[in-house]
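[1] just need the structure, nothing else, for what follows:
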Amino acid sequence: PCINAGINQDWMANAVDMDGRPRIRGEVVDMGAYEAGATILYVSPSGAHVSPFASWANAATTLQAAIDIAAAGDTVLVTNGVYASSGAFAEGATNRAAITSALAVRSVNGPAVTIIDGLDTVRGVYMADGAALEGFTVTNGLAEAGGGVYCHSNAAVISNCVLAGNSASYAGAGIFNGTRYHCMLTGNSGSSYGGGAYNSTLHHCILTRNSASGGGGAAKGALYNCVLTRNYAGVTGGGAWDALLYKCAVISNASSYGGGTSGGILFNSIVYYNMGYDGPNYNSGSFSFCCTTPLPDGTGNVANPPMFIDPAIDNLRLAADSPCIDAGINQDWMTGAVDLDGKPRIIDGVVDMGAFEWILDNTPPPAPQNLRAAFIGPTNVTLEWDAVTGEIGEMIYGVYRDGVRIGTTTATHWDDAGLRANTPYQYAVSVYDVANNESGLSVLPVTTTSFASDIHYVSRSGAHNPPFASWADAATNIQAAIDAAG
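    Numbering: from 1, shown residues only. Below you'll find the predicted structure:
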């Protein structure tokens, strides 16, 4: 009954309560020494750093300053910047940000522009139970366990984050414990177990180019609708070691023992094209309704190649002739679930194997618009175009020069070099959807420029006006022109 039951007084205008938070939240002050309800605390590199950080103008300049005065249920809202200073000690290490209560730390504009940097000296983030981290890149973290993020348990949740280039001397270079949604784990390196993740629950995540002795991508834990590719383990389980995998694709990983997986329990997953001395795809584990070779014991497994659309560019969606279509087994957790593209997890009554559901799609996407030359030089051209939107999944653009495709990219720009000066070229750009349907072409003719050169003239009848750029202004002696030419 004390919430919003007080009377506002003039002295309260800029006052704070015993927790250091604004004395009036909403329109009416509460009774007692503390204000109730959640609040938002702001963090910005350009803030004035005035506690309680209740506006962008007065925002904290470090994450830890805002976290320290936040209470359970509050939100710390963070704008663009690289946060590489301050921190706090928790779980055996100094952390760039130690979230020690059940509060949410969220970025405004996502991981591409909001970065937590451990500078290879401290852990990135510690998270207590009930804490949430959303929309950050966590990089260059260093610790014995959880170099990027250490979670007290799987009750801490990370979403829409990139964990890149973190290190751990023991386990979980990217993350230790925790539950993650829609995250990318790349380039993390652990000395022992779980280069990408250790004992974590992962949903709709991509683990690539991570490394450890055991479980280059992941060790222990459970993974749902995830892709593990190009991870490496020095001893065992290039993709995953002793983990539960549901509807995952484990492709192009490497290890001495079990290039794809070692141990663990797998359902509805694809483990193929991995490399290893003892068991290129797997050397142990339980498989049910999976696609791998050699054919393992278990129900519903197949050994035929999975027939991806284009594994060379990591398009691990199923082609129309894949043996993995409608070949899985439905499980209770799939009701209402979606695949890695956001499509329904079960189509046509029976789930597919792998991280993506196949759906018949013969309709090409629209061609990219506004193809333009951002730069034209004598030997190089930079092209730009508008992103194609409204399609499911990531778009892949094809770039053509004079009718020949010269490359593909997921970006909306392309740098083409090694061209001839003063030469016409015909460029075109298309886009491929997740079913590998190609759009029509957007076309742009471009002519490279000539090499620029400065000519300095010499004549006994010249006006001798530097830089001697014409016969009229020519130097009257050779040395003067040479000096002007540098």
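[2] how close does residue 116 get to residue 227?
    Relative to residue 227, residue 116 is positioned 24 Å away (criterion: CB to CB, to the nearest Å). Glycine gets a C-beta too; all of them are placed from N, C-alpha and C.
[3] for the two, indicate the residue with more neighbours.
    It is residue 116, of residue 116 and residue 227, that has more neighbours when counted by other CB atoms under 10 Å, with 30 against 23.
[4] so who does the nearest residue to the more buried one once chain neighbours are set aside touch?
    Take residue 116 and drop its neighbours on the chain: the residue closest to it by CB to CB, 6 or more residues apart in numbering is residue 138, 4.8 Å away. Under the criterion of CB atoms under 8 Å, 6 or more residues apart in numbering, the neighbours of residue 138 are 115, 116, 118, 124, 125, 148, 149, 161, 162, 163, 164, 166.
[5] same list, the residues you listed, but as a markdown table with pLDDT and distance to residue 327 please.
    Shown next, in a markdown table, are the contacts of residue 138 (pLDDT from 0 to 100; distance: CB to CB, whole Å):
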| residue | pLDDT | distance to residue 327 |
| --- | --- | --- |
| 115 | 98 | 42 |
| 116 | 98 | 41 |
| 118 | 97 | 43 |
| 124 | 98 | 40 |
| 125 | 98 | 40 |
| 148 | 98 | 36 |
| 149 | 98 | 36 |
| 161 | 98 | 33 |
| 162 | 98 | 33 |
| 163 | 98 | 32 |
| 164 | 98 | 34 |
| 166 | 98 | 37 |
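[6] now, which of these lie within strands?
    Among the contacts of residue 138, DSSP state E puts 115, 116, 124, 125, 149, 162, 163, 164 in strands.
[7] what's the closest of these to residue 212?
    residue 163 (13.9 Å; CB to CB).
[8] wait, what's in contact with the closest one?
    124, 137-139, 148-149, 174-175, 183-186, 188, 196.
[9] rerun at 10 Å
    111, 116, 124-125, 136-139, 141, 147-149, 173-175, 180, 183-188, 196-197, 205, 207, 210 (CB atoms under 10 Å, 6 or more residues apart in numbering).
[10] restricted to buried residues, select the residues you listed in PyMOL.
    To isolate the buried ones among these in PyMOL, judged by 16 or more other CB atoms under 10 Å, type:
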select buried, resi 111+116+124+125+136+137+138+139+141+147+148+149+173+174+175+180+183+184+185+186+187+188+196+197+205+207+210
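[11] the stretch 301-450 of the chain: strands as residue ranges?
    308-310, 315-318, 372-376, 381-384, 396-401, 404-409, 413-416, 424-432, 442-447 (DSSP state E, counting those that start in this stretch).
[12] residue 257 is nearest to which of these?
    strand 315-318 (23.8 Å).
[13] what's the helix or strand where residue 94 lies packed up against?
    Using DSSP states H and E, residue 94 maps to strand 93-99. If you count contacts as 3 or more CB pairs under 10 Å, 6 or more residues apart in numbering; DSSP states H and E, strand 93-99 packs onto helix 63-69, strand 75-78, strand 88-90, strand 114-117, strand 123-127, strand 132-134, strand 142-145, strand 149-151.
[14] would JSON lines of these with distance to residue 391 be doable?
    JSON lines is the format used below for the helices and strands packed on strand 93-99 (distance: least, CB to CB, whole Å):
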{"stretch": "helix 63-69", "distance to residue 391": "35"}
{"stretch": "strand 75-78", "distance to residue 391": "30"}
{"stretch": "strand 88-90", "distance to residue 391": "42"}
{"stretch": "strand 114-117", "distance to residue 391": "26"}
{"stretch": "strand 123-127", "distance to residue 391": "33"}
{"stretch": "strand 132-134", "distance to residue 391": "25"}
{"stretch": "strand 142-145", "distance to residue 391": "39"}
{"stretch": "strand 149-151", "distance to residue 391": "32"}
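[15] which stretch among the ones you listed comes nearest residue 440?
    Here strand 114-117 is closest among these (CB to CB), at 36.8 Å.
[16] give the partner strands of the closest one in its sheet and their orientations.
    Each strand that pairs with strand 114-117, with its direction, by DSSP bridges: strand 81-83 (parallel), strand 137-139 (parallel).
[17] what separates that strand from the chain centre, distance-wise?
    Centre-to-centre, strand 114-117 and its host chain are 12 Å apart (CA atoms, centre = their mean, to the nearest Å).
[18] check stretch 53-61 too.
    Distance, centroid of stretch 53-61 to centroid of chain: 28 Å (CA atoms, centre = their mean).
[19] identify each buried residue in it, please.
    Those would be 53, 54, 58, 59, 60, 61, for stretch 53-61 by 16+ other CB under 10 Å.
[20] wait, which of those is closest to residue 248?
    Closest approach between the buried residues of stretch 53-61 and residue 248, by CB to CB: residue 60, at 39.4 Å.
[21] okay but that closest one is in contact with residue 50, surely?
    Yes - assessed by CB atoms under 10 Å, residue 60 is found in contact with residue 50 at 8.6 Å.
[22] quick revisit: residue 265: which of the strands paired with strand 114-117 is closest?
    strand 137-139 (29.2 Å).
[23] average pLDDT across that closest one?
    Strand 137-139 comes out with an average pLDDT of 98.
[24] again, but for stretch 472-486
    On average, stretch 472-486 scores 88.
[25] check the gap between the closest residue in space to residue 61 that isn't next to it in sequence and residue 432 for me.
    Among residues not flanking residue 61 along the chain, residue 49 sits closest, at 4.8 Å (CB to CB, 6+ apart). According to CB to CB, residue 49 stands 48 Å off from residue 432.
[26] looking at these two, which one has more neighbours?
    residue 432 (23 against 15).
[27] beta partners of residue 203?
    Beta-bridge partners, per DSSP bridges, of residue 203: residue 181, residue 224.
[28] hmm, it is touching residue 178, no?
    No - in this structure, residue 203 is not within contact of residue 178 by CB under 10 Å, at 11.6 Å.
[29] the more surrounded of the two?
    Remark: of residue 203 and residue 178, residue 178 carries more neighbours, 30 against 19, as counted by other CB under 10 Å.
[30] list the contacts of the nearest residue to that one once chain neighbours are set aside.
    Using CB to CB, 6+ apart and skipping residues adjacent in sequence, the residue nearest residue 178 is residue 151, 3.3 Å away. If a contact means CB under 10 Å, 6+ apart, then residue 151 has 91, 99, 125-129, 131, 133, 157-158, 172, 175-180, 199-200 as its contacts.
[31] give me the beta-bridge partners of residue 151?
    residue 127.
[32] can you give me the distance of it to residue 133?
    9 Å.
[33] mutual contacts of those two, please.
    Common contacts of residue 151 and residue 133 (CB under 10 Å, 6+ apart): 99, 125, 127, 157, 158, 178, 180.
[34] residues near the first one, how many?
    So that's residue 99. For residue 99, the neighbour count with other CB under 10 Å is 28.
[35] so what's it up against?
    When contacts are counted by CB under 10 Å, 6+ apart, residue 99 touches 63-64, 67, 70, 76, 88, 90, 105, 125-128, 130-133, 149, 151-152, 156.
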